[in-house]
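Colleague: My questions concern the predicted model and sequence given below.
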Amino acid sequence: MGKGWLRRLGAFVSSLALVASGAMAISVLPAAAASSGSNTREISASGVTSIGPASVGTGGFQSPEIANAPADGGSVIVPTNPPVDRSHTDGKAGSGSASGETGRDQSGANPIVSFDGLNHVAQRTANGGNQFSVEPPDQGLCVGNGYVMESVNDVLNVYSPTGASLLGVTDLNSFYRYSPAIVRGAASVYGPFVTDPSCYYDSATRRWFQVALTLETFPNNGYFTGQNHLDLAVSQTADPLGIWNLYTVQVQDDGNLGTPEHRCSSGPYFVTPTYPNACLGDYPHIGADANGFYITTNEYSFFGPEFKAAQVYAFSKQELASLAQKVSVTQIDTTKAVRHHQAGFTVWPAEAANGHFATGANGTEYFLSSNAAAEVNPAASLTSRDLIVWALTNTASLNSASPDVSLSNTVTSVDRYAAPPLSNQKAGSTPLRDCLNDTTMVLAPTVTGCWNIFGFQAQPAHEVESVIDSNDTRMQQVMYADGRLYGALDTALTVGGKAQAGIEWFSVSAQASREGVQAEISGNGYLGARDTNLTYPAVGVDQHGNGVIAFSLLGTHDYPSAAYAAFNGTSGPGGIHVAAAGVGPDDGFTSYAAFVGSPPRTRWGDYGAAVVDGSNVWIASEYIGQTCTFKQYTNFAAGFGSCGGTRTALGNWDTRITELAIRD
């Protein structure tokens, strides 16, 4: 979720030298087929939808303001509600590599267009204000046919290429034809909890694809039933403003509702769920080749503690594009798929720029993943040198009545990566924190202290400006171009003697056959800067391997900003540019123990986005484009917590969308 306010494009420079780590060239023999079993089932279209914004609410603080559901990554939203554990690393850091530094570049690279996307105000006020305050945004972006579509937690919008909003903000509950997230009243009514959105425009079929994970709740209290599913919307034409078909894929994998039985454990809960042994299809991400459309998830036990394995869901792209009322989906489980004992984790499917897909082995979809995370490497120190390259072959069979695809992987060696430390940010005005700490404001004859507005029974413990979540080492966006895969992940770096968050990038030559996949590292290095954290990278390259890495930038001298570096498929990234400089610190509810428990974990966008459209690349990242004082925040006449309409009481995140020309 995120939105940004218009800021001039940055052109900042520091006296840092560009030092890339040496590329490695390691050939690896193909591995045996790596799936632990597949399951093909048929699902029916569940209706149609369209983008149609409802009225806009005030966004003022209302109770309940935060969902019973946990935030992404395992941050507990309501301390009395058992959390869904979505990140076993959970802010812990590994020992980072020493790295060179990449300077901030003042030369050229001026964007074609740059504008603010969705922000917390738009998210909270959508659908008449029948929304919770949500963090983080989780950045989705797709571009094509003269449209730009942004999708975040829990709203979407469509823009013209110049940044004009074409219809207005639509909440995801309405888009997927669900009841509102919350209808407040004497007896509040809760709707499904929608999260982790992504979108994709396929130039080959001229269709738009929108995906989210939906967790069903009990309407009277908002607690989870255990049922969860992937919701897939496919446009009927090349116009995203038209009609979309809806499909639902159940992913609870407890043997109910047509799912396989993966034996997920149960655990303590305050309201007995309908499906106590449900699994959770977390962190869905999407990709496509010439034949298929793919969604991958990280499967956890919904109510229990364990991670199971990444799941791959493969669809016939032509079947979806033809508006079929019944489509087949093939699910592949990656349990013990890596080296015959380790599960796949965040197996991110590739997108291919401008329709230049891999056609070998009767159609191939590639994926990349890493394995330093505690989910699959609990005994390690959150570090690894493994890059796992995956190939799904014979994807043309997805267009037949009996799909016969084969998933294989091989493990290559790269420079070491490690779970990064939390990211510090430049100190600034944090009026939500000030309100929680205030003991002077007189609200009524017997009520003193701004914190009372939030309904706490006692004043919370003293809050401090939080450091921001830097992700773990899970793979981020993957692109395929001319026989190579490009990807990046978050890692710990030691720059100028200090541990901080940085980026490791990869270029991999890959070749697949029905017998397995071969891979060779053709480029590998780090991106970092002194006193600066770089987080949530998204690589976007054209069919020649040239483009951009987008990311958020923050640190001792920087508020959270939207930034990027040009990327060359041969030599790697260039200097760092700031697309939109942050103007204040993050000051949202996940920063403070009063709302999420101690210690707090400031949630940041769990992924960024980069999309190639012809000879240009579009990027989107979270940043903070707003700041205000405690006096402005507590101006009741203007709306408590609104700061002139620039934020809400509980959040101030923003996003920035930028178009850049690709340079060879």
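Modeller: Thanks, I have it.
Colleague: going forward, measure contacts and count neighbours with C-alpha atoms only.
Modeller: Fine.
Colleague: Strand partners (parallel or antiparallel) of the helix or strand containing Ile503?
Modeller: Taking DSSP states H and E as the criterion, Ile503 maps to strand 498-513. The strands beside strand 498-513 in its sheet (DSSP bridges) come out as strand 484-495 (antiparallel), strand 516-527 (antiparallel).
Colleague: Turn the ones you listed into CSV, columns for distance to Val389 and mean neighbour count.
Modeller: Compiled in CSV, the strands paired with strand 498-513 are given as follows (distance: least, CA to CA, whole Å; neighbours: other CA atoms under 10 Å):
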stretch, distance to Val389, mean neighbour count
strand 484-495, 9, 27
strand 516-527, 7, 24
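Colleague: Just send those back as TSV, with distance to Ala579 and mean pLDDT too.
Modeller: As requested, those are exported to TSV (distance: least, CA to CA, whole Å; pLDDT from 0 to 100):
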stretch	distance to Ala579	mean pLDDT
strand 484-495	19	96
strand 516-527	17	96
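Colleague: Quick one, which of these gets closest to Ile549.
Modeller: For Ile549, the closest of the strands paired with strand 498-513 is strand 484-495, at 8.5 Å, according to CA to CA.
Colleague: ok, which stretches of the protein are helices?
Modeller: 120-125, 172-175, 317-321, 431-437, 593-596, 630-633 (DSSP state H).
Colleague: now the ones you listed in CSV, with mean pLDDT and distance to Glu515?
Modeller: Formatted as CSV, the helices of the chain follow (pLDDT from 0 to 100; distance: least, CA to CA, whole Å):
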stretch, mean pLDDT, distance to Glu515
helix 120-125, 98, 47
helix 172-175, 98, 41
helix 317-321, 97, 24
helix 431-437, 98, 57
helix 593-596, 94, 48
helix 630-633, 98, 62
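Colleague: among those, which is the most enclosed?
Modeller: The highest mean neighbour count among these, using mean count of other CA atoms under 10 Å, belongs to helix 120-125: a mean of 28.
Colleague: which one of the strands paired with strand 498-513 lies closest to Ile576?
Modeller: strand 516-527 (8.9 Å).
Colleague: Just the CA trace of that closest one, in CSV.
Modeller: This file holds the C-alpha atoms of strand 516-527, laid out as CSV (Å, rounded to 0.1, in the frame of the first residue of the first chain):
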residue,chain,number,x,y,z
GLY,A,516,16.4,-30.8,-16.0
VAL,A,517,17.8,-27.3,-16.0
GLN,A,518,21.4,-26.0,-16.5
ALA,A,519,22.5,-22.6,-15.1
GLU,A,520,25.6,-20.5,-15.2
ILE,A,521,26.1,-17.2,-13.3
SER,A,522,26.9,-14.5,-15.8
GLY,A,523,26.8,-11.6,-13.4
ASN,A,524,26.5,-11.0,-9.7
GLY,A,525,27.2,-8.1,-7.4
TYR,A,526,26.0,-5.7,-4.7
LEU,A,527,24.3,-2.3,-4.6
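Colleague: Ramachandran coordinates for the residue of the chain most remote from its centre?
Modeller: In the chain, Pro445 marks the outermost C-alpha relative to the chain mean, sitting 46.0 Å out by CA atoms, centre = their mean. Here is the backbone geometry of Pro445 (degrees, to the nearest 10): phi -50, psi -30.
Colleague: Count the residues that sit near Pro268.
Modeller: 11 (other CA atoms under 10 Å).
Colleague: what about stretch 453-472, start to end distance?
Modeller: 35 Å (CA to CA, to the nearest Å).
Colleague: Could you do stretch 417-428 as well?
Modeller: 31 Å.
Colleague: same deal with stretch 460-474?
Modeller: End-to-end distance for stretch 460-474: 34 Å, by CA to CA.
Colleague: give me phi/psi at the spatially most central residue of the chain?
Modeller: The centre of the chain sits closest to Tyr607, judged by CA atoms, centre = their mean, with a distance of 3.2 Å. Dihedral pair for Tyr607: phi -170, psi 150, per degrees, to the nearest 10.
Colleague: now it: how far from Lys326?
Modeller: 31 Å.
Colleague: coming back round to it: okay if I get the helices of the chain as TSV plus distance to Gln250?
Modeller: Below are the helices of the chain laid out as TSV (distance: least, CA to CA, whole Å):
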stretch	distance to Gln250
helix 120-125	26
helix 172-175	17
helix 317-321	17
helix 431-437	39
helix 593-596	29
helix 630-633	43
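Colleague: right, and these - which one's nearest Tyr623?
Modeller: Comparing the helices of the chain by CA to CA, helix 120-125 comes nearest, at 11.3 Å.
Colleague: so how far is the closest one off the chain centroid?
Modeller: In terms of CA atoms, centre = their mean, to the nearest Å, the centre of helix 120-125 is found 18 Å from the chain centre.
Colleague: nearest to Ser513, of the helices of the chain?
Modeller: Distance to Ser513, taken as CA to CA, is lowest for helix 317-321 among the helices of the chain, at 21.2 Å.
Colleague: how about the strands in the stretch 501-650 of the chain?
Modeller: 516-527, 532-541, 547-555, 558-568, 572-580, 609-613, 616-623 (DSSP state E, counting those that start in this stretch).
Colleague: Format those strands as TSV; extra columns: distance to Asp438.
Modeller: Compiled in TSV, those are given as follows (distance: least, CA to CA, whole Å):
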stretch	distance to Asp438
strand 516-527	41
strand 532-541	31
strand 547-555	27
strand 558-568	24
strand 572-580	32
strand 609-613	38
strand 616-623	27
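Colleague: Any idea which of those strands gets closest to Ala164?
Modeller: Nearest of those (CA to CA): strand 616-623, 15.3 Å.
Colleague: Counting by contacts, list what the closest one packs against.
Modeller: If you count contacts as 3 or more CA pairs under 8 Å, 6 or more residues apart in numbering; DSSP states H and E, strand 616-623 packs onto strand 140-144, strand 532-541, strand 547-555, strand 558-568, strand 609-613, strand 654-661.
Colleague: now the first one, how far from the centre of its chain.
Modeller: Put plainly, it is strand 140-144. On CA atoms, centre = their mean, the centre of strand 140-144 falls 14 Å from the chain's centre.
Colleague: cool, and the fifth one?
Modeller: The gap between where strand 609-613 is centred and where its chain is centred comes out at 14 Å by CA atoms, centre = their mean.
Colleague: and what of the third one?
Modeller: Between the mean C-alpha point of strand 547-555 and the mean C-alpha point of its chain there is a distance of 14 Å (CA atoms, centre = their mean).
Colleague: How about stretch 447-458?
Modeller: On CA atoms, centre = their mean, the centre of stretch 447-458 falls 34 Å from that of its chain.
Colleague: How about that stretch, which residues are buried there?
Modeller: 449-452, 454 (16 or more other CA atoms under 10 Å).
Colleague: Distance to Thr629 and pLDDT added to those, as a markdown table?
Modeller: A markdown table is the format used below for those (distance: CA to CA, whole Å; pLDDT from 0 to 100):
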| residue | distance to Thr629 | pLDDT |
| --- | --- | --- |
| Gly449 | 17 | 97 |
| Cys450 | 14 | 97 |
| Trp451 | 16 | 97 |
| Asn452 | 19 | 96 |
| Phe454 | 19 | 95 |
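Colleague: residues in contact with stretch 604-611?
Modeller: Under the criterion CA atoms under 8 Å, 6 or more residues apart in numbering, residues 1-2, 72, 135-143, 468-471, 476-477, 536-541, 548-551, 617-622 lie in contact with stretch 604-611.
Colleague: make it 6 Å
Modeller: 136-141, 469, 536, 538, 540, 617-621 (CA atoms under 6 Å, 6 or more residues apart in numbering).
Colleague: all strands in the stretch 351-500 of the chain, in order from the N-terminus.
Modeller: Along the stretch 351-500 of the chain, counting by DSSP E, counting those that start in this stretch, strands occupy 364-369, 383-393, 406-418, 442-444, 447-448, 478-481, 484-495, 498-513.
Colleague: hang on, the earlier thing: between the buried residues of stretch 447-458, which sits nearest Asn127?
Modeller: So of the buried residues of stretch 447-458, ranked by how close each gets to Asn127 (CA to CA), first place is Phe454, at 22.8 Å.
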